[in-house]
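Colleague: Sequence below, structure please.
(one chain, ligands or ions: 2)
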Amino acid sequence: MLDKTKPGWWKSAVIYQIYPKSFQDSNGDGIGDLPGITSRLDYLQQLGIDAIWLSPIFASPQIDNGYDISDYQAIDPMFGTMHDMEVLLREANARGISILLDLVLNHSSDQHRWFLEAKKSRENPYHDYYIWRDGTPDTPPNEMCSVFGGTAWEWVPELGQYYFHQFAPQQPDLNWDNPAVREEIYRMIRWWMEKGVGGFRLDVIDQIAKEPDFGITVNGPHLHEYLRELNAQTFGGTPLVTVGEAWGADVEKAKLFSNPDGSELSMIFQFKHMVLDQQPGKEKWDMIPLDLLQLKEVLEHWQEGLYGCGWNSLFWNNHDLPRIVSRWGDDGFWRIRSAKMLATLLHGMQGTPYIYQGEEIGMTNIHLEIGQYRDIETLNMYRERKAKGVPEKEIMASIYARGRDNARTPMQWDASEHAGFTTATPWMPVNSNYPSINVAESLEDPDSVLQFYRTLIRLRKEYTVFAEGKFHLLFRDDPRLFVYERLSTTENLLVICNFSAEPAPFQLPEDWRGADLLISNVNRFPENMLQPYEAAILLQKNKGAL
Ligand code: TEU
Ligand code: CA
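Modeller: Numbers count the residues shown, from 1 in each chain. Ligands and ions are numbered 1, 2, ... in the order given. Predicted coordinates for the structure are as follows:
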């Protein structure tokens with residue numbers, strides 16, 4: 001168990017993300033809930049994780065699955081009660097697992113008390129909690145668009161004003177320039193801290209300091225000022241772990257967000273490695289094949305850029321991304337081996353690894369009928385492209401590849417009906433491959449993806465070089481190999497991956513002869529010709545290269 005009173009403990013931690021709606025139903029209504037999560041804590045403890053990032057469980061009309069919060073200090077009845085939350089906190093903490101709440105501070109729900117008040121009149125004390133502009137019904141203040149499609153301005157006839165929303169109209173943006181808003185937020189965070197949460201994931205945190213009149217949404221001029229204030233007024237100086245989601249961060253900005261002086265957040269969660277297979281400047285639906293050389297370049301850039309001066313999250317998956325084994329691995333013949341290769345590549349790097357529920361058993365994407373999709377982003381895109389005359393087949397292909405619901409199908413626990421997720425009809429269809437891909441089966445099989453993840457997690461705890469080593473890329477121009485060293489003053493790692501379905505010629509570097517084999521997905525010391533998707537990690541003890 002990690003000593004969580006030690007500053008920086010989260011550098012050796014592994015974090016597991018739970019999407020509550022799809023994790024475990026306990027009361028037979030087809031929707032995952034808090035008691036369901038509590039009932040699976042033993043499983044997570046065996047996996048070896050140190051913290052859970054819990055996607056939003058707060059009161060919400062669920063327009064965007066809880067990322068539209070109507071009361072930050074209440075639990076949505078769908079997920080249970082405040083008592084259920086307290087039980088989860090107590091039981092998780094007892095197992096050495098911290099609970100990180102997912103705070104959506106950029107916007108609230110339009111059903112939040114603040115917004116209901118704000119809409120009443122221009123003079124209402126809450127009016128200035130949101131962002132308003134005068135106008136006429138047919139001319140929005142400017143051309144700004146919502147991430148989920150359409151204009152970012154919603155007309156309120158009673159007030160003769162528009163309000164600003166970067167996401168759905170039911171997700172009005174909060175006005176962080178108003179000190180009263182910031183104070184309310186800090187008070188709420190302190191309240192949760194007293195309840196024993198272990199930290200926070202901060203949704204789209206780089207978008208809080210917007211300047212809509214200048215078209216600025218991310219990295220607004222006051223962003224880091226607000227973050228330092230947030231830190232000082234709440235978790236600053238405590239061992240809590242905080243992770244900021246920031247699509248707009250480059251390495252230089254990431255150094256501010258995750259400044260080792262602790263003035264902002266523990267770490268950054270950025271996506272530069274996850275947008276390489278989309279057409280530059282276009283939407284995620286406009287896909288191109290992944291170029292491995294580019295992936296190496298981007299990951300190296302971040303590994304080197306933050307070394308000693310910032311901290312990154314390591315992830316392939318979350319609730320917004322398709323399943324990695326379907327995306328960059330092979331979810332057919334090589335599913336197990338490629339899932340292990342991707343895990344090796346990620347967990348060998350510097351940063352805090354995140355495992356998204358089901359990733360540890362190699363869960364895959366799903367193909368549904370359009371009527372079975374639930375995600376607001378997917379449904380809006382379908383409608384928009386349909387109206388533009390894009391062929392149905394093309395739209396569906398992009399949903400199969402990129403839709404967020406790929407990640408949101410219920411967790412596959414066992415081979416019983418509905419995969420052990422629920423006894424009722426699940427809110428989202430279970431992937432039909434659950435009889436062969438599930439936790440129960442993975443626990444039995446010593447060669448499962450799950451057992452491999454357990455080993456990777458254990459290794460990170462055992463050898464400090466995983467958290468501390470300096471990254472050094474090898475075989476830069478090889479079109480199939482992704483190989484790198486991690487170098488420290490006491491021990492070194494060599495991480496070897498064949499990122500392809502073909503055998504790949506490989507020459508073990510001279511100085512790595514005779515190293516120890518820590519893990520391999522084909523149970524052998526890698527030499528000469530690597531097998532399809534082969535991956536391994538070698539260790540040199542008492543031979544620090546730094
Ligand atoms: O996501 C941030 C975000 O910008 C996403 O909408 C992203 O562009 C999209 O998912 C890519 O497909 C966060 C949450 O993770 C997401 O679930 C929420 O919908 C969003 O914020 C609004 O709160
Ligand atoms: Ca339920």
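Colleague: Report the distance from the helix or strand hosting Arg458 to the chain centre.
Modeller: Element membership for Arg458, per DSSP states H and E: helix 449-462. Offset of helix 449-462 from its chain centre (Cα atoms, centre = their mean, to the nearest Å): 20 Å.
Colleague: That one packs against which elements?
Modeller: Applying 3 or more Cβ pairs under 8 Å, 6 or more residues apart in numbering; DSSP states H and E, we find helix 449-462 packed against helix 41-47, helix 335-347, strand 352-356, helix 439-444, helix 465-468, strand 516-520. From N, CA and C alone the C-beta is placed, and that goes for glycine too.
Colleague: cutoff 10 Å now
Modeller: helix 41-47, helix 335-347, strand 352-356, helix 439-444, helix 465-468, strand 516-520, strand 535-540 (3 or more Cβ pairs under 10 Å, 6 or more residues apart in numbering; DSSP states H and E).
Colleague: tell me the most buried of these?
Modeller: Of these, the one with the most neighbours on average (mean count of other Cβ atoms under 10 Å) is helix 335-347, at a mean of 26.
Colleague: one step back: can you list the buried residues in the helix holding Arg458?
Modeller: Using 16 or more other Cβ atoms under 10 Å as the test for burial, helix 449-462 gives Val449, Leu450, Gln451, Phe452, Tyr453, Arg454, Thr455, Leu456, Ile457, Leu459, Arg460, Lys461.
Colleague: quick one: pLDDT of the fourth one?
Modeller: In this prediction, Phe452 carries a pLDDT score of 98.
Colleague: Correct me if wrong: it contacts Ala339.
Modeller: Yes - counting by Cβ atoms under 10 Å, Phe452 touches Ala339, with 8.0 Å between them.
Colleague: Secondary structure element holding the residue minimising distance to the centre of the chain?
Modeller: Nearest to the mean C-alpha position of the chain, counting by Cα atoms, centre = their mean, stands Asn318 at 3.8 Å. Using DSSP H and E, Asn318 is not contained in any helix or strand.
Colleague: what sits against it?
Modeller: 17, 19, 53, 55, 201, 245, 269, 271, 274, 354, 356-357, 359, 404, 407 (Cβ atoms under 10 Å, 6 or more residues apart in numbering).
Colleague: Tell me the spacing between Thr139 and Arg133.
Modeller: Counting by Cβ to Cβ, to the nearest Å, the gap from Thr139 to Arg133 is 11 Å.
Colleague: Now the common contact residues for these two.
Modeller: Residues touching both Thr139 and Arg133 by Cβ under 10 Å, 6+ apart: Trp153, Tyr162.
Colleague: So between the two, which is more surrounded?
Modeller: Under the criterion of other Cβ atoms under 10 Å, the comparison of Thr139 against Arg133 puts Arg133 first, with 14 against 10.
Colleague: Quick check: Ser326 is in a strand.
Modeller: No - per DSSP: H, G, I helix; E, B strand; the rest coil, Ser326 lies outside any strand segment and is helix.
Colleague: got the residues of this protein near ligand 1?
Modeller: Residues of the chain lying close to ligand 1 (Cβ under 6 Å from any ligand atom) are 64, 67, 104, 147, 167, 203-204, 247, 284, 319-320, 377, 404.
Colleague: what sits against the nearest residue to Val325 once chain neighbours are set aside?
Modeller: In this structure, Val325 finds its nearest non-sequential neighbour in Ala339, 4.5 Å apart by Cβ to Cβ, 6 or more residues apart in numbering. By Cβ under 10 Å, 6+ apart, the contact set of Ala339 is 316, 323-326, 329-331, 359-364, 448-450, 452-453, 521, 533.
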